[in-house]
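Trainee: Quick one, what's the 3D model for this:
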Amino acid sequence: MFHNIPNVTRNLLIVNVLAYLATIILANQNISLESWGGLHFFLASDFHVWQFITYQFLHGSFTHLFFNMFALWMFGCVIENVWGAKKFLFYYIICGIGAGLCQEMVQYAQYASEGLAAYEYVNIEGLGRMTMGAYLNQWCTIGASGAVYAILLAFGMTFPNERIFIFPLPVPIKAKWFVCIYAAIELFSAYSSSGDGVAHVAHLGGMLFGFLLILYWRKHPGNQFDLNSGRQFFERWTRKSGNTTSTSYTGQSTWNANRTATREDDMDYNARKRQRQEEVDQILDKIRKSGYDSLTKEEKQRLFEASRER
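Mentor: Here you go, the predicted structure:
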């Protein structure tokens, strides 16, 4: 069963589990992996830029890890199979970074609204008096929840009418309502459950960045994250650079001819890409209406090839 999980999803599961085990082992040696890899408030002395990446792979408890990895497995497998490995990994990491940025903004708002810059010490109930520097270093965020919530959003936007079960509801609901319910819960919790130790704004931030990415990809189907579009860009840049340096030898007419050929190549490429995207969209619509098993062998193969292309 584990071999049927797509590569990126499987590797993310492995890395998160290994990081959790390392956290436990190092804690027994009085070494805090969280203090190095957790996302600290950017004004704290323990903050480092790399923490926008590393914090996504650390978890504070087995329950925290289990529910994040369960959701990653359940929805990540589907989205990676549809999008392809490169696009899925890009989406996961960027949304995790976006979630961290949103959390940092909220922490700064708290820092500014409470006027903490004017104090050198702070009294913490149960901990006594501590310096402001030590207090700010305690503002630390860990967990893959921001990226996982972005994957939930991606599933809801890709398969909005797919019915799924949510415990304890006795009947399945459509994925789009599932995502809306989760977003509403997080929004309510962000306003009413401050101090509960859960980064609700980071969850919403992951969904926000995911929504913006998906919206951009839908409006620019020819510019999605893949190697073909990147290769096309560098080929155009190389041709233009080469033509510019040789203008004095070939003349303006040759430059115009090359520019026209480049434009025609781009048009043909974009036309083929749009046609392939339309075919994939039709297959996805069929999945939403009748399920994956309703696909023919040729349609399943086309969907698989599309995921490999991306």
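
Trainee: Flag the shaky bits of the stretch 151-300 of the chain, pLDDT-wise.
Mentor: Applying pLDDT under 70 to the stretch 151-300 of the chain flags the ranges 167-168, 193-197, 222-269, 287-293.

Trainee: repeat that with 90
Mentor: For the stretch 151-300 of the chain, residues meeting the criterion pLDDT under 90 lie at 159-201, 218-300.

Trainee: now the helices for it?
Mentor: 175-192, 200-219, 227-245, 247-250, 252-290, 297-309 (DSSP state H, counting those that start in this stretch).

Trainee: who's in contact with the first one?
Mentor: Defining contact as CB atoms under 8 Å, 6 or more residues apart in numbering, one finds that helix 175-192 is touched by 149, 152-153, 155-157, 159-164, 166, 173, 196, 198, 200-201, 203-204, 207. Using the backbone N, CA and C atoms, a C-beta is placed for each residue, glycine as well.

Trainee: And it, how far out from the chain middle?
Mentor: Put simply, helix 175-192 sits 18 Å off its chain's centre (CA atoms, centre = their mean, to the nearest Å).

Trainee: still on that earlier bit, mind giving me the ChimeraX command for buried ones among the contacts of helix 175-192?
Mentor: In ChimeraX, this line selects whichever of the contacts of helix 175-192 come out buried by 16 or more other CB atoms under 10 Å:
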select :149,152,153,155,156,157,159,162,164,198,200,201,203,204,207
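
Trainee: Determine the number of other residues adjacent to Met69.
Mentor: Around Met69 there are 21 other residues, counting by other CB atoms under 10 Å.

Trainee: wait, it sits on Leu13?
Mentor: Yes: contact criterion CB atoms under 8 Å: Met69 and Leu13 qualify, at 5.6 Å.

Trainee: shared neighbours, these two?
Mentor: If you check Met69 and Leu13 against CB under 8 Å, 6+ apart, no residue is contacted by both.

Trainee: before we move on, which element is the residue nearest the centre of the chain in?
Mentor: Residue closest to the average C-alpha location in the chain (CA atoms, centre = their mean): Tyr92, at 2.6 Å. Per DSSP states H and E, Tyr92 falls inside helix 85-113.

Trainee: And this protein, what are its domain boundaries?
Mentor: Domain assignment for the chain by automatic domain parsing gives 2-219, 227-309.

Trainee: Mean neighbour count, the ones you listed: which tops it?
Mentor: domain 2-219 (a mean of 17; mean count of other CB atoms under 10 Å).

Trainee: Arg129 bridge partners, please.
Mentor: Taking DSSP bridges, one finds Asn123 as the beta-bridge partners of Arg129.

Trainee: That one contacts Tyr135, correct?
Mentor: No: taking contacts as CB under 8 Å, Arg129 lies outside contact range of Tyr135: 9.9 Å.

Trainee: contacting residues around the closest residue to Leu58 other than its chain neighbours?
Mentor: Excluding the flanking residues, the one nearest Leu58 by CB to CB, 6 or more residues apart in numbering is Ile142, at 4.1 Å. Contact analysis of Ile142 by CB under 8 Å, 6+ apart lists Glu34, Gly37, Gly38, Leu39, Tyr55, Leu58, His59, Gly60.

Trainee: Equivalent analysis for Tyr91, please.
Mentor: When contacts are counted by CB under 8 Å, 6+ apart, Tyr91 touches Ile79, Trp83, Ala150, Ile151, Ala154, Gly210, Leu213, Phe225.

Trainee: repeat for Leu204
Mentor: If you count contacts by CB under 8 Å, 6+ apart, then Leu204 has Cys102, Tyr149, Ala183, Glu186, Leu187, Ala190 around it.

Trainee: now it: how far from Gly210?
Mentor: The gap separating Leu204 from Gly210 is 11 Å, by CB to CB, to the nearest Å.
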